[in-house]
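Undergrad: kindly return the folded structure for what I paste below:
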Amino acid sequence: MKRTKQRRLTPTQQGYVELALLVVQPSIATFVKRNPDLRGIIQRCDLESTAFHAVCLAALTYKPAKSAVTTYFGSAIRHALYREVLTQQKLDGRYVATEKILDPQPNVHRTRQEQRALRALRALSIGDRTLLEDRLIEQVTLEQLGLEQRCDPRTIQKRVQAAISALRRAESDLP
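TA: Numbers count the residues shown, from 1 in each chain. Prediction:
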């Protein structure tokens, strides 16, 4: 097993974590409420420890001048919970399509272009889809993604570019 470098939080970052702990329970409650079709999987996940871990990682990259504590840490918690659910689904052998997690409503309100984009997304691997969702939809920074995946942000940028290329190829192959 590969050992990773342990990082200690500065006193300022510890203060951010203490502030963000107020966001953990409401974020978990909102996540559970917005995803009723995932209740069985959610019960098997340790949501609190996942949320606390996400808060500690997010404290390393948080800049108060750019966003509010609730916004930044709430987003980090939500991403971590989605990843935890996807991991649990892989372990269970049951994978829920990305569009059901992001938008559980039926396809009737989608345009042809949106439906085509979703079909192209389905052609991507789970890792590529999650990476694109985090980076492009949720606008997670490369630094934060690098910390979460324990690699250099430039590597994440290359993975994002490769996933976008794969998405373009998948979209062009559609009828």
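
Undergrad: tell me what the helix or strand hosting Q115 is packed against?
TA: Element membership of Q115, judged by DSSP states H and E, is helix 112-122. Here helix 112-122 touches helix 98-102, helix 153-173, going by 3 or more CB pairs under 8 Å, 6 or more residues apart in numbering; DSSP states H and E. Where C-beta positions appear, they are placed from N, C-alpha and C, glycine not excepted.

Undergrad: tell me which of those sits most buried.
TA: With neighbours defined as mean count of other CB atoms under 10 Å, the helices and strands packed on helix 112-122 peak in mean count at helix 98-102, which reaches a mean of 16.

Undergrad: ok, back up a step: quick check: mean pLDDT across the helix holding Q115?
TA: The average pLDDT for helix 112-122 rounds to 78.

Undergrad: equivalent analysis for stretch 162-169, please.
TA: Throughout stretch 162-169, pLDDT has a mean value of 89.

Undergrad: in PDB, list the C-alpha atoms belonging to it.
TA: These are the backbone C-alpha positions of stretch 162-169, laid out as PDB (Å, rounded to 0.1, in the frame of the first residue of the first chain):
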ATOM      1  CA  ALA A 162      -8.400  13.500 -21.900                       C
ATOM      2  CA  ALA A 163     -12.000  13.100 -20.600                       C
ATOM      3  CA  ILE A 164     -13.200  16.000 -22.600                       C
ATOM      4  CA  SER A 165     -11.600  14.600 -25.700                       C
ATOM      5  CA  ALA A 166     -13.300  11.200 -25.000                       C
ATOM      6  CA  LEU A 167     -16.600  13.000 -24.500                       C
ATOM      7  CA  ARG A 168     -16.200  14.800 -27.900                       C
ATOM      8  CA  ARG A 169     -15.400  11.500 -29.600                       C
END
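
Undergrad: got the domain ranges for the chain?
TA: Split into domains by automatic domain parsing, the chain comes to 9-96, 106-175.

Undergrad: where in this protein is the helix or strand with the lowest mean pLDDT?
TA: Least confident helix or strand of the chain, by mean pLDDT, DSSP states H and E, is helix 98-102 with a mean of 54.

Undergrad: which positions in the helix holding Q115 come out as buried?
TA: Across helix 112-122, burial judged by 16 or more other CB atoms under 10 Å covers A117, L118, A120, L121.

Undergrad: need the helices and strands packed on helix 112-122 in CSV with distance to Y72, can you?
TA: Shown next, in CSV, are the helices and strands packed on helix 112-122 (distance: least, CB to CB, whole Å):
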stretch, distance to Y72
helix 98-102, 20
helix 153-173, 17
